[in-house]
Structure formats: C-alpha cells, structure tokens
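*Asks:* A structural model of the following input is requested.
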Amino acid sequence: MDTITDKRGGVCFRVDDNQLIQKWTDFADAFNRHGFRFCAALNFGRMAGNEDYVRLVKNLEAQGHEIMGHTPYT
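*Replies:* Alright, predicted model coming up:
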C-alpha cells in the first residue's frame, strides 16, 4: 500500500535546558515572530514554589509550544 505523507523539515537546535525564564520567553518570541513552535524539555523541579516558572510553562503552552517531560530534576 502506498502512503502519501506530508513531512516538512525544519531547523533543529539544542540549548541547555537550564535557562533563565527570560531566555525561554525570548525563544518563544523569536519562534512566534516567524509562525513556528518549539519543544522545550523543562526542569519541572524548578516550579516548586516558583510562580514565575509556573507562569512561564502556562504561557508557553498557551502559545502552542510543546512542553516535554524531562529527566527528574535533582
């Protein structure tokens, strides 16, 4: 059976996941400006008691960026 798919290549790069909140916001702004989304593997251990980090995760998700699981934060 022949299957027709629409696969699109893109730009891929990896950054250290230990970024300041402003850096993740800068990434989102850059991708949003060009109509693209990115995937972020965030350290959810940083969310404990940090309302700014919780807000970041919610904002990224609301903008359509994918939040991925990550190795547990230690």
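*Asks:* Spell out, range by range, the helices that occur in this structure.
*Replies:* With DSSP state H as the criterion, the chain has helices at 21-33, 51-62.
*Asks:* who's in contact with residue 64?
*Replies:* residue 37 (Cβ atoms under 8 Å, 6 or more residues apart in numbering). Using the backbone N, CA and C atoms, a C-beta is placed for each residue, glycine as well.
*Asks:* Which pLDDT value goes with it?
*Replies:* pLDDT recorded at residue 64 is 92.
*Asks:* and it, how far is that from residue 36?
*Replies:* Note on residue 64: its distance to residue 36, by Cβ to Cβ, to the nearest Å, is 10 Å.
*Asks:* List the contacts of residue 24.
*Replies:* With contact set as Cβ under 8 Å, 6+ apart, residue 24 has these partners: 40, 42, 56, 60.
*Asks:* how about the helices of the chain in a markdown table, adding distance to residue 68?
*Replies:* Listed next are these as a markdown table, based on distance: least, Cβ to Cβ, whole Å:
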| stretch | distance to residue 68 |
| --- | --- |
| helix 21-33 | 13 |
| helix 51-62 | 11 |
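*Asks:* any idea which residue sits dead centre in this structure?
*Replies:* The centroid of the chain falls nearest to residue 40 when counting by Cα atoms, centre = their mean (2.7 Å).
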